[in-house]
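> please work out how this folds:
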Amino acid sequence: MTHSVRPYLLAALMVFLLFLPGRSTLPPLDRDEPRYMEASAQMLRSHDFIDVRFQDKPRYLQPAGIYWLEAASVAITGTLNDRAVWAYRVPTLIAVVASVLMTLRLGVVLFGFETGLMGALMLAVSVLMTAEGRMATIDSCLLSAVLAVQLALLRAWSDRDSENRTPVWSPLLFWSALGVGLMLKGPVMLIPALGTPAALALVERRTAWWRRLSPGWGVPLTLLIVLPWCVAIWLRSHGLFFERAVGTNFLGKVASGQQAHGLPPGYHLAVFAIAFWPGSLFAAMAIPFVWLRRRTPSVRYLLCWIVPHWLLFELIATKLPHYVLPTYPAIALLAAASLAQPGGWRLPAAWWGRALLGVYAALWLAIGIALCVAGPVLLAILQHGVPLVSLVAPLLALPLVLLSAFLLMRGRPKDALCSIAGGAAILYVGLFLVVVPRLTTIWLSPRIADAVARVRPCPDSVLASASFSEPSLVFLVGQETRLVNAAGAAGFLRENRACGLALIGARDESAFRAALDGLPVSKLTEIDGVNYSNGKHLALSLYRADGPGNAGQTETTP
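Take a look at the predicted model:
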């Protein structure tokens, strides 16, 4: 094993261990994650790998790439019938490790090993990466595809003044990763893949190096990856997939805020303080360095990566924090370069710049303290108790957060980064190992699934839910779960007297009773909790129709 390989293997191991907690203890997170999980599971059950569906409805939002990855993971692990959430999250775990390693490599190529290591560290412990990297959704996998594209693009661009040919792996990686990204999230992949070379061409006024990526055979390679499924889904859906995925989902987000996520420009900048915490302050401190070095090739390349993507997603109407995740590795590397390069780290020259940085630093410290106490506070509010074990991580992390602030004031930013990264890692591990499993009040779907398994009258009993319709319920209880209103639940029990179950909330109780039209029912169990998707407190009851020997007794779930 060569010395150059060891740091990458060690980094891979550390990232793997950091992102491992929460894989199995974190229930499916409504609303997107269980939709991906259930659609992937249905793909395996139906053996239809073309037409993606959630229950009986087509899921025409993006191509099938992420569903193939999750279905492959579940098939390999043999966990389809177990509904094991960790199996669906394996592709994300692999993608996170790959993304951090590619960020490290990009930093080594652009600035040197120290910059690459610090940039990879900032990315790995950022709040947004910590959240996205534990969910079975697209964005972590998309990030790894974007980074592969950037690695290939950087090699071709770096060879622009060389007489030697660019190695074939560069165009092969570029066009393959582009095809994979298109299969993951469609046209969104074109923004980072084409935005960076377009910005470089605009700034440098030269495009000849683009031929080093061999588009003559590269474009057909991308099409070979993408077109077979596109043709198949066009024929299967009669063009409806592209009408919805491109026309409604993609272009619709540009024109209007979808799903109550319409926000003005500046949103991504506003949430950056917490989304990229703890690296957000180091990124802010890097602004003078970036401005002074903006014409140097390495800094210019990263700016041409960041600016087009960031500006576009600030301008489109629909906004979610993960939309700018593909820019975070580049931001992390610029922040790391300002720390590692001689004379790179400096305070702003103007008084107002120092004042703004001071305010931002105070906000950064407040976010860190809030994250330290968040776990015990959530347990106190939702579970009405704070186990001593939940205090271990905050008591270890808080001194490191405060120490990092002290080290920054003493002009030791590298030591401050190490301190705050250690504190963040401790917080995340404590959160997913200790706090999350104890937040039973908000995990309604797992509790409902346990109750259904415990009281179901038949092995194939189907649940009709009138008052709780989150996708996680469908994934955990079963594909045949009916999401209906109170009258629909009553009608379902009338039609399925022997085996049917109905989940009714207190607010729908009267409507449910009225729609029963005299049908006697038994309340089997009660489930009380909070739907974290909308913040509503729910008092749910599980019913079945009475029949000979069917009358049940009420129990209350813990």
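> quick one: list the elements packing against the helix or strand hosting residue 216.
Secondary-structure assignment from DSSP states H and E places residue 216 in helix 215-237. The contact analysis (3 or more C-beta pairs under 8 Å, 6 or more residues apart in numbering; DSSP states H and E) places helix 215-237 against helix 169-185, helix 240-242. Just so you know, the C-beta spots here come from the backbone N, C-alpha and C atoms, and that holds for glycine as well.
> let's see it at 6 Å
The helices and strands touching helix 215-237, judged by 3 or more C-beta pairs under 6 Å, 6 or more residues apart in numbering; DSSP states H and E, are helix 169-185.
> for the helix it packs on, buried residues please.
For helix 169-185, a neighbour-count test (16 or more other C-beta atoms under 10 Å) marks 170-185 as buried.
> quick one: that helix to chain centroid distance?
Relative to the centre of its chain, helix 169-185 is centred 20 Å away, using C-alpha atoms, centre = their mean, to the nearest Å.
> can I get that helix in CSV, CA atoms only?
Taking only C-alpha atoms (Å, rounded to 0.1, in the frame of the first residue of the first chain), the coordinates of helix 169-185 have been written out as CSV:
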residue,chain,number,x,y,z
TRP,A,169,-10.3,8.3,-18.0
SER,A,170,-11.2,12.0,-17.9
PRO,A,171,-13.7,12.1,-20.8
LEU,A,172,-14.9,8.6,-19.9
LEU,A,173,-15.6,9.7,-16.3
PHE,A,174,-17.2,13.0,-17.4
TRP,A,175,-19.7,11.6,-19.9
SER,A,176,-20.5,8.5,-17.7
ALA,A,177,-21.1,10.6,-14.6
LEU,A,178,-23.2,13.0,-16.7
GLY,A,179,-25.4,10.1,-17.8
VAL,A,180,-25.7,8.8,-14.3
GLY,A,181,-26.6,12.2,-13.0
LEU,A,182,-29.3,12.6,-15.7
MET,A,183,-30.7,9.2,-14.7
LEU,A,184,-30.8,10.4,-11.1
LYS,A,185,-32.4,13.9,-11.5
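> quick one: the strands in the stretch 401-550 of the chain?
Using DSSP state E, counting those that start in this stretch, the strands of the stretch 401-550 of the chain run over residues 463-465, 482-483, 501-505, 521-531, 536-545.
> can you pull the contacts of residue 529?
For residue 529, the set of contacting residues under the criterion of C-beta atoms under 6 Å, 6 or more residues apart in numbering consists of 441, 444.
> secondary structure class for residue 27?
Here residue 27 takes the coil state, with states given by DSSP: H, G, I helix; E, B strand; the rest coil.
> and it, what pLDDT?
In this prediction, residue 27 carries a pLDDT score of 95.
> remind me which residues of the stretch 151-300 of the chain are low pLDDT?
For the stretch 151-300 of the chain, the stretches flagged by pLDDT under 70 are 250-262.
> got it, and the chain?
In the predicted model of the chain, residues 1-3, 250-262, 547-558 satisfy pLDDT under 70.
> got the domain ranges for it?
The chain breaks down into these domains under automatic domain parsing: 6-256+265-340, 351-438, 444-556.
> and among those domains, the most buried is which?
Counting by mean count of other C-beta atoms under 10 Å, domain 6-256+265-340 has the highest mean neighbour count of these, with a mean of 20.
> got the phi/psi numbers for the closest residue to residue 433 other than its chain neighbours?
Nearest non-adjacent residue to residue 433, counting by C-beta to C-beta, 6 or more residues apart in numbering: residue 21, 4.9 Å away. When read as degrees, to the nearest 10, the backbone of residue 21 gives phi -60, psi 130.
> who's in contact with residue 21?
In this structure, residue 21 makes contact with 429, 432, 433, judged by C-beta under 6 Å, 6+ apart.
> which of these fall in helices?
Taking DSSP state H as the definition of helices, those contribute residue 429.
> could the contacts of residue 21 go into a markdown table alongside distance to residue 375?
Rendered in a markdown table, the data for the contacts of residue 21 read as follows (distance: C-beta to C-beta, whole Å):
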| residue | distance to residue 375 |
| --- | --- |
| 429 | 11 |
| 432 | 10 |
| 433 | 10 |
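> out of the contacts of residue 21, which is nearest to residue 458?
Checking the contacts of residue 21 against residue 458 with C-beta to C-beta, the nearest one is residue 432 at 36.2 Å.
> the closest one against residue 22, yeah?
Yes. Applying C-beta atoms under 6 Å as the test, residue 432 and residue 22 come out as touching, 3.3 Å apart.
> gap between residue 459 and residue 498?
Noted for residue 459: a distance of 12 Å to residue 498, by C-beta to C-beta, to the nearest Å.
> what sits against the residue sitting nearest the centre point of the chain?
The centre of the chain sits closest to residue 132, judged by C-alpha atoms, centre = their mean, with a distance of 2.4 Å. Taking C-beta under 6 Å, 6+ apart as the definition of contact, the neighbours of residue 132 are 139, 140, 322.
> could those go into CSV alongside secondary structure and distance to residue 87?
Formatted as CSV, the contacts of residue 132 follow (DSSP: H, G, I helix; E, B strand; the rest coil; distance: C-beta to C-beta, whole Å):
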residue, secondary structure, distance to residue 87
139, helix, 19
140, helix, 16
322, helix, 22
